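>>> A structural model of the following input is requested.
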Amino acid sequence: MAQDMNPRTCIVTKTEKSPDDMIRFVKGPDNQVFPDLKRKLPGRGVWVTAQRGVLKEAISKNLFARGFKDKVKVDENLPQLVEDLLRQTSLQALAMTKKAGLVATGQAKAEAMIRDGIALALIQASDAGTDGVKKLAAALKEQKVYEEREVVRIDEFTSEELDKTLNGTNTMYVALSNGGAAVKLVKMISRLMDFKAMEA
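Presented below is the predicted three-dimensional model:
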(Lines give C-alpha, C1' and ligand atoms only; values in the text may rest on other atoms or scores of the structure.)
Protein backbone atom coordinates (compact mmCIF):
# COMPACT_ATOMS: atom_id res chain seq x y z
CA MET A 1 0.00 0.00 0.00
CA ALA A 2 1.37 3.42 -0.99
CA GLN A 3 2.25 5.82 1.77
CA ASP A 4 0.18 8.93 2.32
CA MET A 5 2.24 11.77 0.83
CA ASN A 6 -0.02 14.63 1.89
CA PRO A 7 1.88 17.61 3.38
CA ARG A 8 2.48 17.59 7.13
CA THR A 9 2.94 20.51 9.50
CA CYS A 10 6.18 20.81 11.48
CA ILE A 11 5.54 21.32 15.20
CA VAL A 12 8.43 23.79 15.33
CA THR A 13 8.27 25.93 12.19
CA LYS A 14 4.50 25.52 11.66
CA THR A 15 5.18 25.17 7.92
CA GLU A 16 3.80 22.43 5.69
CA LYS A 17 6.25 20.13 3.95
CA SER A 18 6.32 16.83 2.12
CA PRO A 19 6.69 13.83 4.46
CA ASP A 20 9.98 13.12 2.65
CA ASP A 21 11.35 16.37 4.09
CA MET A 22 10.23 15.58 7.62
CA ILE A 23 10.58 12.97 10.34
CA ARG A 24 7.59 11.41 12.04
CA PHE A 25 7.82 10.77 15.76
CA VAL A 26 5.59 8.51 17.84
CA LYS A 27 5.41 7.67 21.53
CA GLY A 28 5.67 4.24 23.03
CA PRO A 29 3.64 2.68 25.85
CA ASP A 30 5.98 4.36 28.35
CA ASN A 31 5.44 7.75 26.63
CA GLN A 32 9.01 7.72 25.30
CA VAL A 33 9.30 9.65 22.02
CA PHE A 34 11.13 7.89 19.21
CA PRO A 35 11.50 8.38 15.44
CA ASP A 36 9.39 6.45 12.92
CA LEU A 37 11.55 6.85 9.79
CA LYS A 38 9.44 4.47 7.71
CA ARG A 39 6.24 6.25 8.76
CA LYS A 40 4.42 2.99 9.33
CA LEU A 41 4.01 2.68 13.09
CA PRO A 42 0.48 2.96 14.49
CA GLY A 43 -0.78 5.71 16.71
CA ARG A 44 -0.66 9.47 16.72
CA GLY A 45 2.44 10.96 15.15
CA VAL A 46 3.97 14.41 15.24
CA TRP A 47 6.21 15.79 12.51
CA VAL A 48 9.46 17.71 12.62
CA THR A 49 11.42 19.15 9.71
CA ALA A 50 14.35 16.81 8.98
CA GLN A 51 17.06 19.14 10.27
CA ARG A 52 19.11 18.66 13.40
CA GLY A 53 18.68 22.29 14.49
CA VAL A 54 14.89 22.13 14.19
CA LEU A 55 14.77 18.90 16.18
CA LYS A 56 16.93 20.45 18.91
CA GLU A 57 14.49 23.34 19.11
CA ALA A 58 11.55 20.94 19.45
CA ILE A 59 13.30 19.34 22.41
CA SER A 60 14.43 22.55 24.11
CA LYS A 61 10.98 24.13 23.87
CA ASN A 62 9.15 20.97 24.98
CA LEU A 63 7.11 20.98 21.77
CA PHE A 64 6.64 17.21 21.68
CA ALA A 65 4.39 17.42 24.75
CA ARG A 66 2.32 20.04 22.98
CA GLY A 67 2.20 18.01 19.79
CA PHE A 68 1.13 14.82 21.52
CA LYS A 69 -1.11 16.71 23.97
CA ASP A 70 0.41 14.58 26.71
CA LYS A 71 3.43 14.37 28.98
CA VAL A 72 6.21 12.59 27.12
CA LYS A 73 9.80 11.52 27.72
CA VAL A 74 12.35 12.86 25.26
CA ASP A 75 15.94 11.63 25.33
CA GLU A 76 18.37 14.53 25.04
CA ASN A 77 20.35 12.38 22.58
CA LEU A 78 17.37 12.09 20.22
CA PRO A 79 19.09 14.14 17.43
CA GLN A 80 22.05 11.74 17.46
CA LEU A 81 19.70 8.76 17.47
CA VAL A 82 17.93 10.13 14.39
CA GLU A 83 21.25 10.70 12.62
CA ASP A 84 22.43 7.18 13.46
CA LEU A 85 19.17 5.67 12.17
CA LEU A 86 19.32 7.72 8.96
CA ARG A 87 22.88 6.50 8.46
CA GLN A 88 21.96 2.88 9.18
CA THR A 89 19.01 2.87 6.79
CA SER A 90 21.13 4.52 4.07
CA LEU A 91 23.79 1.82 4.34
CA GLN A 92 21.12 -0.89 4.31
CA ALA A 93 19.71 0.67 1.15
CA LEU A 94 23.20 0.64 -0.39
CA ALA A 95 23.41 -3.11 0.22
CA MET A 96 20.02 -3.56 -1.47
CA THR A 97 21.17 -1.42 -4.40
CA LYS A 98 24.13 -3.76 -4.84
CA LYS A 99 21.75 -6.73 -4.92
CA ALA A 100 19.82 -4.93 -7.65
CA GLY A 101 23.00 -4.89 -9.76
CA LEU A 102 23.36 -1.10 -9.74
CA VAL A 103 26.70 -0.84 -7.92
CA ALA A 104 30.26 -0.85 -9.28
CA THR A 105 33.19 -0.67 -6.86
CA GLY A 106 36.77 0.41 -7.43
CA GLN A 107 38.29 3.48 -9.04
CA ALA A 108 38.60 2.00 -12.55
CA LYS A 109 35.02 0.73 -12.70
CA ALA A 110 33.65 3.93 -11.22
CA GLU A 111 35.59 6.04 -13.73
CA ALA A 112 34.41 3.88 -16.64
CA MET A 113 30.79 4.20 -15.54
CA ILE A 114 31.15 7.98 -15.28
CA ARG A 115 32.80 8.33 -18.70
CA ASP A 116 30.17 6.06 -20.27
CA GLY A 117 27.50 8.43 -19.00
CA ILE A 118 25.60 5.81 -17.02
CA ALA A 119 26.54 6.88 -13.48
CA LEU A 120 23.81 8.40 -11.34
CA ALA A 121 26.08 9.01 -8.34
CA LEU A 122 29.60 8.50 -7.06
CA ILE A 123 30.20 7.55 -3.45
CA GLN A 124 33.75 8.30 -2.33
CA ALA A 125 34.97 7.14 1.05
CA SER A 126 35.62 10.09 3.34
CA ASP A 127 39.14 8.73 3.82
CA ALA A 128 39.86 8.13 0.11
CA GLY A 129 43.28 9.14 -1.23
CA THR A 130 43.72 12.47 -2.98
CA ASP A 131 45.04 10.96 -6.25
CA GLY A 132 41.95 8.86 -6.84
CA VAL A 133 39.67 11.70 -5.83
CA LYS A 134 41.38 14.04 -8.33
CA LYS A 135 41.13 11.52 -11.20
CA LEU A 136 37.45 10.92 -10.60
CA ALA A 137 36.84 14.65 -10.19
CA ALA A 138 38.32 15.15 -13.67
CA ALA A 139 36.07 12.42 -15.06
CA LEU A 140 33.05 14.02 -13.41
CA LYS A 141 33.96 17.40 -14.89
CA GLU A 142 34.25 15.97 -18.40
CA GLN A 143 31.00 14.05 -18.01
CA LYS A 144 29.14 17.19 -16.96
CA VAL A 145 30.42 19.08 -20.03
CA TYR A 146 29.36 16.38 -22.50
CA GLU A 147 26.20 15.17 -20.79
CA GLU A 148 25.02 18.47 -19.30
CA ARG A 149 24.02 16.36 -16.32
CA GLU A 150 25.70 16.38 -12.94
CA VAL A 151 26.54 13.11 -11.23
CA VAL A 152 25.73 13.28 -7.52
CA ARG A 153 28.89 13.18 -5.43
CA ILE A 154 28.74 11.70 -1.92
CA ASP A 155 31.54 11.45 0.66
CA GLU A 156 29.48 10.66 3.71
CA PHE A 157 30.82 7.19 4.58
CA THR A 158 34.20 5.77 5.59
CA SER A 159 35.88 2.96 3.70
CA GLU A 160 35.27 0.73 6.73
CA GLU A 161 31.52 1.38 6.52
CA LEU A 162 31.55 0.69 2.78
CA ASP A 163 33.56 -2.51 3.31
CA LYS A 164 31.07 -3.84 5.85
CA THR A 165 28.07 -2.89 3.73
CA LEU A 166 29.35 -4.23 0.41
CA ASN A 167 31.46 -7.13 1.77
CA GLY A 168 34.55 -5.60 0.22
CA THR A 169 38.10 -4.72 1.15
CA ASN A 170 39.50 -1.20 1.06
CA THR A 171 36.38 0.09 -0.70
CA MET A 172 37.06 3.70 -1.59
CA TYR A 173 34.89 4.36 -4.66
CA VAL A 174 31.38 3.20 -5.46
CA ALA A 175 29.48 4.22 -8.59
CA LEU A 176 25.71 3.85 -8.83
CA SER A 177 24.03 3.31 -12.17
CA ASN A 178 20.58 4.74 -12.78
CA GLY A 179 17.74 2.62 -11.46
CA GLY A 180 14.91 2.71 -8.96
CA ALA A 181 16.91 1.41 -6.00
CA ALA A 182 19.80 3.81 -6.71
CA VAL A 183 17.49 6.82 -7.04
CA LYS A 184 15.87 5.93 -3.71
CA LEU A 185 19.30 5.48 -2.11
CA VAL A 186 20.53 8.89 -3.25
CA LYS A 187 17.43 10.51 -1.77
CA MET A 188 18.03 8.75 1.55
CA ILE A 189 21.68 9.79 1.72
CA SER A 190 20.76 13.36 0.77
CA ARG A 191 18.30 13.36 3.66
CA LEU A 192 21.05 12.23 6.04
CA MET A 193 23.43 14.90 4.77
CA ASP A 194 20.79 17.62 4.99
CA PHE A 195 19.88 16.58 8.53
CA LYS A 196 23.51 16.91 9.61
CA ALA A 197 24.21 20.13 7.76
CA MET A 198 21.12 22.22 8.26
CA GLU A 199 20.53 24.20 11.41
CA ALA A 200 17.46 26.09 12.43
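>>> who does residue 105 form a beta bridge with?
Listed beta-bridge partners, residue 105: residue 174 (assigned using DSSP bridges).
>>> contacting residues for it?
For residue 105, the residues meeting the contact criterion (CB atoms under 8 Å, 6 or more residues apart in numbering) are 166, 168, 171, 173-175. Any C-beta I mention is one placed from the backbone N, CA and C, and that applies to glycine too.
>>> make it 7 Å
By CB atoms under 7 Å, 6 or more residues apart in numbering, residue 105 lies in contact with 166, 168, 171, 173-174.
>>> now do residue 104
110, 113, 175.
>>> narrow those to just the buried residues.
Neighbour-count burial within the contacts of residue 104 applies to 110, 113, 175; the criterion is 16 or more other CB atoms under 10 Å.
>>> so which of the residues you listed comes closest to residue 52?
Taking CB to CB as the measure, residue 52 sits nearest to residue 175 out of those, at 29.0 Å.
>>> just curious, which of the contacts of residue 104 is nearest to residue 11?
Ranked by distance to residue 11 (CB to CB), the contacts of residue 104 are led by residue 175 at 39.4 Å.
>>> for residue 153, which three-state class applies?
strand (DSSP: H, G, I helix; E, B strand; the rest coil).
>>> and the worst-scoring helix or strand of the chain on mean pLDDT, what other elements does it pack with?
Across the helices and strands of the chain, mean pLDDT, DSSP states H and E gives its lowest value to helix 130-147, namely a mean of 83. Judged by 3 or more CB pairs under 7 Å, 6 or more residues apart in numbering; DSSP states H and E, helix 130-147 is in contact with helix 107-115, strand 119-124.
>>> and these: which comes nearest residue 31?
strand 119-124 (39.1 Å).
>>> what comes into contact with the least confident helix or strand of the chain?
Identification of contacts with helix 130-147 by CB under 7 Å, 6+ apart yields 107, 110-111, 114-115, 117, 122, 124, 150-151, 153, 172-173.
>>> Throw together a ChimeraX command that grabs the buried residues out of those residues.
A single ChimeraX command suffices to select whichever of those are buried according to 16+ other CB under 10 Å:
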select :107,110,111,114,122,124,151,172,173
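>>> adding distance to residue 42 and pLDDT, write the contacts of helix 130-147 out as TSV.
Supplementary listing: those in TSV, determined by distance: CB to CB, whole Å; pLDDT from 0 to 100:
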residue	distance to residue 42	pLDDT
107	47	95
110	42	94
111	47	93
114	44	91
115	49	89
117	45	89
122	39	96
124	40	96
150	41	85
151	40	90
153	39	93
172	42	96
173	42	96
